[in-house]
Structure formats: structure tokens, C-alpha cells
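**Q** Turn this into a model:
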Amino acid sequence: MFATSMRKLAIIPASVIILISVISGPGCANIIPPQGGFRDSIPPVLLKASPEDSSTNFKTNRITLTFDEYISDIQNSRQNLIISPVPKRDPDIESKLRTVIIKLKDTLEPNTTYTINFGDAIRDINEGNVAKNFTYIFSTGTTFDSLTLSGKVVLAENGKVDSTLSVMLHKNGKDSAVASEKPRYVTRLDSSGNFTFRNLPGGTFYIYALKTEGGGYFYSSERQLFAFADSPVTLGSVNKPITLYAYAEKSASTPTLNPQVGARQKGGGTEKRLRIQSNLSNGQLDLLNNLSINTELPLKGLDTSLIHFSSDSSFTPIKNYRIVPDSTRKKLSFQYDWKENTLYHVILEKDFAQDTLGRKLLKADTISFKTKKLTDYGSLRIRFKKLDLSTNPVLQFVQNDNVVKSIPLTSAELNQSIFVPGDYQLRILDDRNKNGKWDPGQFFGKHIQPEIVRPITSRPKISVKANWDNDFDIEAPSNSPPRGG
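**A** Just a heads-up that it's a prediction; the model follows:
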């Protein structure tokens with residue numbers, strides 16, 4: 001009998017046993033929600049708009065948009081909204097469940113096409129799927145404006161793209177308008193730096209690009225990225241693409257130490273001695289560099305007779321060298337025709353200089369170093385194809401987005417007998433004023449465009465090897481597109 005009962009139990013389905021276990025022992029079982037399944041990747045879809053999208057003879061000040069799923073709070077993304085023509089007063093925009101409501105505050109202009117671009121503000125509440133650049137359009141007249149204007153914005157200093165810039169069209173051609181008036185039309189860049197204005201009316205506009213600050217479309221700081229066209233744009237049925245070159249007239253400066261405060265010790269007191277640093281690396285100097293000595297504050301009362309320069313272990317004096325302070329007087333450069341693999345010494349006597357706080361060395365200081373060997377370097381030859389020498393090209397060697405070396409090009413072939421090994425990106429600077437470095441533009445009054453830097457895309461990177469003849473054939477980048485306007 002017992003065996004028969006066991007056989008009957010054995011044929012009970014496993015699913016029934018599991019169900020009984022769950023029901024009879026709730027304190028011992030955990031109900032785990034189902035895992036996996038398909039992830040929702042579809043952005044919200046507009047089901048209904050009131051008034052309808054692309055309405056004409058538009059007269060209301062309230063727009064209601066209903067989507068097929070719940071929408072996340074639009075207040076968190078309202079900075080992505082662009083309304084054109086740009087209103088004097090921003091509308092009220094709110095979202096609730098599946099609905100977005102826009103309440104316009106401005107009086108609408110007659111016979112005008114309006115667009116509301118939501119950027120990435122419309123997204124579902126669960127997965128955050130974005131209805132990218134969802135746009136609602138209406139006209140207060142009987143037809144829609146239909147002209148377009150497209151182009152690209154490039155960073156003049158390096159040829160890269162900053163997709164956070166906005167492009168603006170102004171009707172007022174005065175320079176002051178970009179600092180004091182809202183633009184008429186605004187659009188954003190895509191990830192490649194391209195832009196397109198749609199639904200524009202005919203007329204003449206002044207075009208700018210700008211790194212907006214605090215959501216405002218005003219050029220308020222020389223440290224803002226900014227670009228302008230050489231001349232106004234008159235729109236027709238077909239409009240040529242425009243290229244704008246953005247620059248910051250002044251770079252973000254590093255805060256300087258107040259000379260009255262001075263350097264602080266770890267304990268909180270004021271440092272009482274002059275501290276110096278050099279550009280040596282592990283006691284070695286690059287043959288291609290000057291020796292530089294740096295101080296925290298500017299030096300005054302520099303007495304070069306109290307600086308002694310010598311070589312080898314016998315401290316043989318050297319005479320034919322120069323000591324050159326930079327414009328800040330916080331850096332001294334020792335200029336000399338260095339010999340390879342040679343020991344040098346710089347002796348700074350206690351009173352050789354003092355900084356603006358009157359601090360001096362506590363005692364004489366000796367800087368000893370050795371120059372590198374020639375075998376630590378490689379030779380470099382680059383032959384350029386299609387190089388335009390009329391632009392005063394300067395070849396820039398770039399590492400980690402920093403220009404580490406610049407060489408003016410006077411022919412289509414560059415030869416360097418010694419060159420620091422490493423991987424380099426190459427760029428061409430069109431050096432308009434022949435000063436060997438990139439210069440930004442200046443808008444107000446002078447309307448000076450920035451100098452342009454063009455990345456060499458035919459060979460994104462070169463590798464220079466030590467103790468090696470490094471030889472490259474490279475096609476120069478094409479000349480930059482004409483400036484907008």
C-alpha cells in the first residue's frame with residue numbers, strides 16, 4: 001500500500017508541487033517577479049494635438065499634445081526647447097501623465113510661421129526613450145514659410161566641433177544686438193557640427209554661433225565661444241551652406257595668487273623663502289628645449305652676475321649663453337647650444353633675485369642636469385602633397401589636445417635632424433599674421449575673424465621612433481571653406 005501511494009505521488013506534476021509549496025508555506029517562499037523580456041526602445045508617439053500640428057490661421061495661446069505613453073517631467077529638460085521666432089516671454093510648459101501643455105504668453109505676429117522644437121525633452125517615463133527633436137509647427141497666416149539655411153560650425157583653434165553651441169539669426173545688424181537683444185531664430189548643432197534652419201521667411205539676416213550661458217542667447221563674455229559671418233545673409237529659394245569658425249577671444253585664465261597673500265605653508269603660515277622649479281625630467285634636459293626656472297610670483301631685482309653656468313664634473317665656466325625672463329617675470333629661460341649627453345650646472349647665489357614679496361633663497365642653490373643623447377631622438381622628414389604655401393602654414397604637433405611643437409613651413413618638405421619620439425596628431429595653422437601661433441578673432445568694431453586650424457585627416461597620427469629615420473608622405477588638408485556670409 002505504501003509503495004502504491006509513492007507511485008501515485010511520483011506522477012504528480014512538478015508545477016503542482018511547487019504551487020502547493022508556495023500556498024502552504026508563505027513564510028518560507030519568495031515570489032520573484034519574472035525577469036528578462038523585451039526592453040521598450042520605442043520613443044513616445046504623438047496621438048493627438050490640439051490645435052492640430054501644422055495648423056494655419058492659428059489664433060489660440062494654448063497647445064495640448066497627447067502621446068501614447070506616460071511622459072517624464074518636462075521641466076527637467078525645458079532648456080532643450082527652442083521656439084522660433086524667439087518669444088519675448090518664455091511660455092509655460094508642463095507635462096502630466098501622457099499630456100504636454102504649452103501656454104503662450106506673447107502676442108502672436110500675423111502671417112508668421114512658428115516652430116517649437118523640444119530637443120530631447122519628450123521622453124517616456126519608464127526607459128527614457130527620447131522622441132528626438134520632436135517639433136510642433138503652426139502658422140498665423142494661410143501658408144507656411146518654407147526657406148531653409150544650413151551650414152556648419154567649426155572650432156577655429158583646432159578644427160573640432162562643439163555640439164553645444166547654438167546658431168542664431170538676428171534682424172538687427174548692429175554689433176550691440178548680439179549682446180543686448182534676443183535673436184529672431186535659433187537652432188542647434190548636431191554631433192558633427194551641422195545646423196539647419198527650416199521654415200524661414202525671406203529677408204536679410206545676420207548669423208552668429210554662440211556658447212549660451214544660463215540659457216540666454218547673449219554674447220556677454222570674451223571667454224564665450226562665438227562665431228560670426230563676414231556679411232549678412234539674404235535668403236532666397238536656394239541658399240549656399242555657411243561655415244562659421246568659433247573662437248573665444250580670451251581663454252579662461254588661471255586664477256593668480258594675490259601677491260599680498262603669498263604662498264602658504266602646510267601649517268597655514270606664509271612661506272618665507274623663494275622656491276624655484278625647473279623643467280627637468282628625472283634630471284635630464286631635452287636637447288631641443290631651453291632650461292627654464294619658474295617661480296610662483298614675479299621676480300624683481302634680478303642680478304645675472306650672481307648666476308653661474310658651468311659644465312662637466314670640473315665645473316668649467318660657460319660664457320656664451322643668455323638668460324631671458326618672460327613677460328610675467330616668473331620664468332627664466334637659459335638659452336644655449338646644448339651638447340648631447342653632457343653634464344651642466346647652474347649655481348644660483350642667495351641674492352640672485354627676490355620675488356614681489358621680497359623672498360630670497362635661504363642659501364645658494366645648485367641645479368645639476370645632463371642632456372639627452374642623440375640616440376634618444378629620431379630624424380623626421382615629411383613630404384606634403386597639395387600644400388598651399390600662400391596661407392603661411394604652420395605645422396602643429398599635438399599630443400593630448402596640446403600643441404607641443406609648431407614649425408612654420410616654407411616648402412612642401414619638412415626635415416628635422418632630431419625630433420622627440422612619440423605619437424603625434426598633425427594640424428595646419430593658417431598663420432595670417434606670421435607670428436607662429438594661433439590668434440583668436442575680435443568681433444566688436446574690428447570684425448577680425450580668427451585664424452583657422454585644419455586637422456590633417458589623411459593621416460590622423462604619426463609615430464616617431466627613437467634612433468630611426470622617420471619618413472612620411474602626407475596629403476595636406478584642403479583649404480578651409482569660405483567664411484559665412
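**Q** The closest residue to Arg123 other than its chain neighbours: neighbour count?
**A** Of all residues not flanking Arg123 in the chain, Val130 sits nearest, at 4.7 Å (CB to CB, 6 or more residues apart in numbering). C-beta coordinates here come from the backbone N, C-alpha and C atoms, glycine included. Number of residues near Val130 (other CB atoms under 10 Å) recorded here: 19.
**Q** and Val130, how far is that from Gly119?
**A** 9 Å (CB to CB, to the nearest Å).
**Q** Break this structure into its domains for me.
**A** 46-139, 147-246, 276-372, 376-475 (automatic domain parsing).
**Q** Could you measure from Ser163 over to Lys330?
**A** To Lys330, Ser163 is 37 Å away according to CB to CB.
**Q** and what of Asn61?
**A** In terms of CB to CB, Asn61 sits 61 Å off from Lys330.
**Q** Who has more neighbours out of those two?
**A** For Asn61 versus Lys330, neighbours defined as other CB under 10 Å are more numerous around Lys330 (17 against 13).
**Q** I'd say that one and Ser292 touch.
**A** No - Lys330 lies out of contact with Ser292 (CB atoms under 8 Å); the separation is 10.3 Å.
**Q** Which of the three states applies to Thr375?
**A** Reduced to three states with DSSP: H, G, I helix; E, B strand; the rest coil, the structure at Thr375 is helix.
**Q** Contacts only, for the residue lying closest to it once chain neighbours are set aside.
**A** Residue nearest to Thr375 in three dimensions, not counting chain neighbours: Asn467, with 4.6 Å by CB to CB, 6+ apart. By CB atoms under 8 Å, 6 or more residues apart in numbering, the contact set of Asn467 is Thr375, Asp376, Tyr377, Gly378.
**Q** Buried by neighbour count, from these: which ones?
**A** For the contacts of Asn467, a burial check counting by 16 or more other CB atoms under 10 Å picks out Asp376, Tyr377, Gly378.
**Q** need the contact list for the closest residue to Asp388 other than its chain neighbours.
**A** Excluding the flanking residues, the one nearest Asp388 by CB to CB, 6+ apart is Asn479, at 5.9 Å. Asn479 is in contact with Asp388, Thr391, Arg454, counting by CB under 8 Å, 6+ apart.
**Q** Poorly predicted segments of the protein, please.
**A** For the chain, the stretches with pLDDT under 70 are 1-38, 75-78, 214-215, 252-271, 482-485.
**Q** Spell out for me which residue occupies the centre of it.
**A** Asp162 (5.3 Å; CA atoms, centre = their mean).
**Q** Can you get me a residue count around Leu97?
**A** Residues near Leu97, counting by other CB under 10 Å, number 11.
**Q** residues touching it, list them.
**A** Counting by CB under 8 Å, 6+ apart, the residues that Leu97 touches are Tyr70, Ile71.
**Q** how near is it to Glu69?
**A** According to CB to CB, Leu97 and Glu69 sit 9 Å apart.
**Q** Can you tell me which of the contacts of Asn479 has the most neighbours?
**A** Arg454 (21 neighbours).
**Q** From Ile207, how far out is Ile452?
**A** Taking CB to CB, one finds Ile452 at 18 Å from Ile207.
**Q** Run through the strands of the stretch 51-200 of the chain in chain order.
**A** 62-67, 82-84, 92-96, 99-103, 113-117, 135-139, 147-155, 166-170, 185-188, 194-200 (DSSP state E, counting those that start in this stretch).
**Q** Tabulate those strands (JSON lines), appending distance to Ser313 and mean neighbour count.
**A** Formatted as JSON lines, these follow (distance: least, CB to CB, whole Å; neighbours: other CB atoms under 10 Å):
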{"stretch": "strand 62-67", "distance to Ser313": "81", "mean neighbour count": "18"}
{"stretch": "strand 82-84", "distance to Ser313": "71", "mean neighbour count": "21"}
{"stretch": "strand 92-96", "distance to Ser313": "77", "mean neighbour count": "16"}
{"stretch": "strand 99-103", "distance to Ser313": "80", "mean neighbour count": "17"}
{"stretch": "strand 113-117", "distance to Ser313": "73", "mean neighbour count": "21"}
{"stretch": "strand 135-139", "distance to Ser313": "77", "mean neighbour count": "19"}
{"stretch": "strand 147-155", "distance to Ser313": "51", "mean neighbour count": "20"}
{"stretch": "strand 166-170", "distance to Ser313": "64", "mean neighbour count": "23"}
{"stretch": "strand 185-188", "distance to Ser313": "65", "mean neighbour count": "20"}
{"stretch": "strand 194-200", "distance to Ser313": "63", "mean neighbour count": "19"}
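**Q** nearest to Thr356, of the ones you listed?
**A** Proximity to Thr356 (CB to CB) singles out strand 147-155 among these, at 36.6 Å.
**Q** May I have the strands that pair with that closest one, each with its orientation?
**A** strand 194-200 (antiparallel), strand 242-246 (parallel) (DSSP bridges).
**Q** Could you tell me how far that strand lies from the centre of the chain?
**A** Relative to its chain's centre, strand 147-155 lies at 18 Å (CA atoms, centre = their mean, to the nearest Å).
**Q** Kindly report the same for stretch 154-165.
**A** 7 Å.
**Q** Start and end of that stretch, how far apart?
**A** Start and end residues of stretch 154-165 are separated by 10 Å (CA to CA, to the nearest Å).
**Q** same check, this time on stretch 472-479
**A** End-to-end for stretch 472-479, by CA to CA: 21 Å.
**Q** Can you list the buried residues in that stretch?
**A** Buried, per 16+ other CB under 10 Å, within stretch 472-479: Ile474, Ala476, Pro477.
**Q** again, but for stretch 107-114
**A** Leu108, Thr112, Thr113, Tyr114.
**Q** OK, contacts around the nearest residue to the third one once chain neighbours are set aside?
**A** The shortest distance from Thr113 to any non-neighbouring residue, by CB to CB, 6+ apart, is to Asp145 (4.1 Å). For Asp145, the contacting residues are Thr112, Thr113, Ser139, Asn199, Leu200, Pro201, by CB under 8 Å, 6+ apart.
**Q** wouldn't Gly236 be in contact with Leu200 here?
**A** No - using CB under 8 Å, Gly236 makes no contact with Leu200, being 10.7 Å away.
**Q** Look up the residues that both of those two are in contact with.
**A** Leu147.
**Q** mind listing the helices for the stretch 101-250 of the chain?
**A** Counting by DSSP state H, counting those that start in this stretch, the stretch 101-250 of the chain has helices at residues 177-180.
**Q** Tell me how many other residues surround Ile448.
**A** 13.
**Q** nope, Lys174 is what I meant
**A** Neighbour tally, Lys174, other CB under 10 Å: 11.
**Q** again, but for Tyr206
**A** Going by other CB under 10 Å, the residues that sit close to Tyr206 add up to 22.
**Q** Which residue, neighbours along the chain excluded, lies closest to it?
**A** Using CB to CB, 6+ apart, the closest residue to Tyr206 is His170 (4.5 Å).
**Q** name the element the residue nearest to Asp388 belongs to?
**A** Under DSSP states H and E, no helix or strand contains Asn479.
**Q** Distance-wise, check it relative to Pro455.
**A** Relative to Pro455, and taking CB to CB, Asn479 is found at 13 Å.
**Q** any shared contact partners between the two?
**A** Contact criterion CB under 8 Å, 6+ apart; residues shared by Asn479 and Pro455: none found.
**Q** Glu95 bridge partners, please.
**A** Actually, residue 95 is Ser. It isn't Glu. Assigned bridge partners for Ser95, using DSSP bridges, are Val100.
**Q** whoops, Phe472 was the one
**A** Bridge pairing for Phe472 - DSSP bridges - gives Ile382.
**Q** Please tell me how far it sits from Gly422.
**A** 14 Å.
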